[in-house]
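Peer 1: Sequence and predicted model, in that order:
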Amino acid sequence: MIAAVLTTMFYTAVYFLPEHHFRAMLLDRGPTQYFAVFLGFWCVVILLFKRSKLGVQRRALSHSVVPETHDFVLSSQTADHLIRNIHAIAEDPERFLVYNRILVAVSNLKNLGRVSDVDDILRSLSERDESAHQTSFATLGGFLWAIPVLGFIGTVLGLASAIGNFSSLLEQQSDVSGIVGSLREVTGGLSTAFETTLLALVIALVVQLWITAQKKAEEVFLDDCQEYCLKQIVSRIRILPFEQSRDV
C-alpha cells in the first residue's frame, strides 16, 4: 500500500512537469513503465523497513545482560537472575533476536540444570536465524527478477509496434518523401522498445546495490550476535560439581 501511494505521488509529480524527454519516457512508453516503477518503490519500502528493524535489533547489543562483576558464574542456579535482567532491559525480549537466543538457551539451563548443551543450542539458533535471514530476501529477489522482465516485455511491445507501423507505412506510401515523413510512428515504437528496458535496468541496478548493502549489514549483525552470545553467555558458563555428576 505504501509503495502504491508513493508510485501515485511520483507519477502525479511527473505529470505536472514541463514537456521533457524524461517525462515522456515515464508517461508515454506503455504500461510496463508503471509496473516497473511500482515494483521499484515496493523494493525500496521493504528495504527501508528492514533497515529500520535492523537498527532496533542492533540496539539490543549495546546492553549487557550479565552482571559486570567478574565473579558472576552462569549456572542453573543463576539462570533466573539472568532472565530477570533481560526482561528488565526489554519489555518484550522475545522480539529481539539476540535476547530470544539467550532466553531459549538459558531456559534449557534453568529447566534441565545442564550447561553442557547451551553452546550447541546457541549454534542451532544461530543457524536458524541465518536461514531466516536468507528467506527474508526471497520477495526482493522475485521483484528484482521481475523488473528487468517487465523492461524486456516493453521492448517486445515497442518492437512489435514499430514493425507493425513500418509495414503499414510501406503499404500506404508509394513515394520516398511520404515514407520519410511517416517514419515518426516507427521511431516512436523504437523509443518504447529501448527506453522501457533502460528504465527497468536502472531500477534493477539501484535495487540490487541496495540489497547487497542490506545483506552485508544483516550478516555483520548476525556475526555480532554470535560474538555477543559467546562473550555474555558461553564464557560465563560453569559446570558445578553436582551438575557434572548429573551429566554422568
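Peer 2: Right, received. Where do you want to start?
Peer 1: Return the backbone torsion pair for residue 9.
Peer 2: The phi/psi pair for residue 9 (degrees, to the nearest 10) reads phi -60, psi -40.
Peer 1: how close does the residue nearest to residue 101 when sequence neighbours are not counted sit to residue 234?
Peer 2: Once flanking residues are discounted, residue 101 sits nearest to residue 125: 4.6 Å by Cβ to Cβ, 6 or more residues apart in numbering. Heads up, the C-betas are built off the backbone N, CA and C, glycines and all. Computed as Cβ to Cβ, to the nearest Å, the residue 125 to residue 234 distance reads 13 Å.
Peer 1: Settle it for me: which of the two has more neighbours?
Peer 2: residue 125 (20 against 16; other Cβ atoms under 10 Å).
Peer 1: Looks like the more buried one contacts residue 105 (just checking).
Peer 2: Yes: using Cβ atoms under 8 Å, residue 125 makes contact with residue 105 at a distance of 7.2 Å.
Peer 1: Identify the contacts common to these two.
Peer 2: Taking Cβ atoms under 8 Å, 6 or more residues apart in numbering as the contact criterion, residue 125 and residue 105 have no common neighbours.
Peer 1: Out of the helices and strands in this structure, which is least certain?
Peer 2: Here the helix or strand of the chain ranked lowest by mean pLDDT, DSSP states H and E is helix 241-247, holding a mean of 46.
Peer 1: which helices and strands does the helix or strand containing residue 106 pack with?
Peer 2: Assigned by DSSP states H and E, residue 106 belongs to helix 97-112. Here helix 97-112 touches helix 79-89, helix 118-135, helix 183-232, going by 3 or more Cβ pairs under 8 Å, 6 or more residues apart in numbering; DSSP states H and E.
Peer 1: Quick one: closest of these to residue 23.
Peer 2: helix 183-232 (11.9 Å; Cβ to Cβ).
Peer 1: Next up, the contacts around the residue nearest to residue 101.
Peer 2: So residue 125 contacts 100, 101, 104, 105 (Cβ under 8 Å, 6+ apart).
Peer 1: residues near the third one, how many?
Peer 2: Okay, so that is residue 104. There are 15 residues near residue 104, going by other Cβ under 10 Å.
Peer 1: My understanding was that it contacts residue 124; is that so?
Peer 2: No: judged on Cβ under 8 Å, residue 104 makes no contact with residue 124 at a distance of 9.3 Å.
Peer 1: Name the surrounding residues that touch stretch 48-57.
Peer 2: Contacts for stretch 48-57 (Cβ under 8 Å, 6+ apart): 96, 97, 98, 136, 214, 217, 218, 221.
Peer 1: Which one (most neighbours) among those residues?
Peer 2: Neighbour counts for those, by other Cβ under 10 Å, peak at residue 98, which reaches 25 neighbours.
Peer 1: Can you tell me how far it is from residue 217?
Peer 2: To residue 217, residue 98 is 15 Å away according to Cβ to Cβ.
Peer 1: can you check residue 137 too?
Peer 2: Counting by Cβ to Cβ - residue 137 and residue 217 are separated by 12 Å.
Peer 1: just residue 50 next, same as before
Peer 2: For residue 50 relative to residue 217 (Cβ to Cβ), the value is 9 Å.
Peer 1: Residue 72 now?
Peer 2: Following Cβ to Cβ, the distance that separates residue 72 from residue 217 is 32 Å.
Peer 1: which intervals of this structure have sub-threshold pLDDT?
Peer 2: The model of the chain has pLDDT under 70 over residues 21-22, 110-116, 161-193, 238-248.
Peer 1: repeat that for 80
Peer 2: Within the chain, the ranges that satisfy pLDDT under 80 run 17, 19-30, 67-79, 107-120, 155-195, 234-248.
Peer 1: contacting residues for residue 117?
Peer 2: Residue 117 touches residue 108, counting by Cβ under 8 Å, 6+ apart.
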